[in-house]
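In: Pasting a predicted model and its sequence here:
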Number of protein chains: 2
Amino acid sequence: MSRSNTDVSAEVEAEACPVQEVLDRVAGKWSILVMVAATRGPIRFTELERAIPSVSRRMLTLTLRNLERDGLMTRTVFPTVPPRVEYELTPMARELRTAFLTLTEWAEHHRGAIVDARHAYDERVTAS
Amino acid sequence: MSRSNTDVSAEVEAEACPVQEVLDRVAGKWSILVMVAATRGPIRFTELERAIPSVSRRMLTLTLRNLERDGLMTRTVFPTVPPRVEYELTPMARELRTAFLTLTEWAEHHRGAIVDARHAYDERVTAS
DNA sequence: CAGAATCCGACTGGATACTG
DNA sequence: CAGTATCCAGTCGGATTCTG
């Protein structure tokens, strides 16, 4: 890590790195929806599909694989017929819920301001 | 919004929506880095480039435009020569910092566990 | 200095059809 | 039921060049 002469420079990426990591695995449009859907307990693949109508089968699968890979969800296969697979949040993932709450509150609190800012900006630009 | 018969279904997307909004404008690889870089006060375009060496000029511009549009940063042009532009976080954006902190702590606390989980998963798969 | 414009490859993500 | 496989459109994002 080459530390620049201005003490601000190098620190930024290092400091933000963990945040970046979290968001990388959470940023996906679906990760959060899936995790929220699973907060009440184990949930099956099809139940997830119904709970999140907008997700495609493919994306749901990919999202679940990533969450599983990162240790945020467990995948349990019941060798019955028809097959039955349940997904469940790990304790680690449950802790994340708290962090989401902070974000949610921020979002709800400022949602209007963001929409307004956006409109204002768009008008300024359109008026060019 | 068509509310499904199972009460779980529709709620998930509705409940997660604000979170989704936050992440949509924060998820970009650069938004957070830019905002972190600006926490100490107004910062110039070139300073941002130096603070985040990995970002391309194009992406930095786009990121700044989006942040500005959403009312998260302000852009001030000083009509000097050479031109000078300063970016600054809005109060709203500064509040976000708190939320990031929660995430950061979670990330730092579980970083090891995530890496481990990932390795374990990868080995399981490679062993197929 | 602070961008805008253009080109283009890489990746994302949806729709659909097929399988154990 | 719970996926996998394939195709394909749209978007992201880097490199480069040009401008007030």
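Out: All right, it came through fine.

In: Determine the longest helix present in chain A.
Out: helix A:91-126 (DSSP state H).

In: Look up how far B:T80 lies from the residue nearest in space to the middle of chain A.
Out: Centroid check for chain A by C-alpha atoms, centre = their mean gives A:V26 as the closest residue, at 3.0 Å. To B:T80, A:V26 is 42 Å away according to C-beta to C-beta, to the nearest Å. All C-beta atoms are positioned from the backbone trio N, CA, C, and that covers glycine.

In: Go through stretch A:30-39 and flag the buried ones.
Out: Residues of stretch A:30-39 classed as buried: A:W30, A:S31, A:I32, A:L33, A:V34, A:M35, A:V36, A:A37, A:A38 (neighbour count, 16 or more other C-beta atoms under 10 Å in any protein chain shown).

In: From A:E21, how far out is the residue of chain A found nearest DNA strand C?
Out: Nearest to DNA strand C in chain A, going by C-beta to the nearest atom of the strand, is A:M59, at a distance of 3.6 Å. A:M59 sits 21 Å away from A:E21, taking C-beta to C-beta as the criterion.

In: Counting neighbours, go ahead and name the busier of those two.
Out: Between A:M59 and A:E21, counted using other C-beta atoms under 10 Å in any protein chain shown, the more crowded position is A:E21 (19 against 15).

In: right, and that one touches B:A107 too?
Out: Yes: between A:E21 and B:A107 there is a contact under C-beta atoms under 8 Å: 5.6 Å.

In: Quick check: chain neighbours aside, which residue is closest to A:A117?
Out: Spatial nearest neighbour of A:A117, excluding adjacent residues (C-beta to C-beta, 6 or more residues apart in numbering or on different chains): B:G71 at 2.7 Å.
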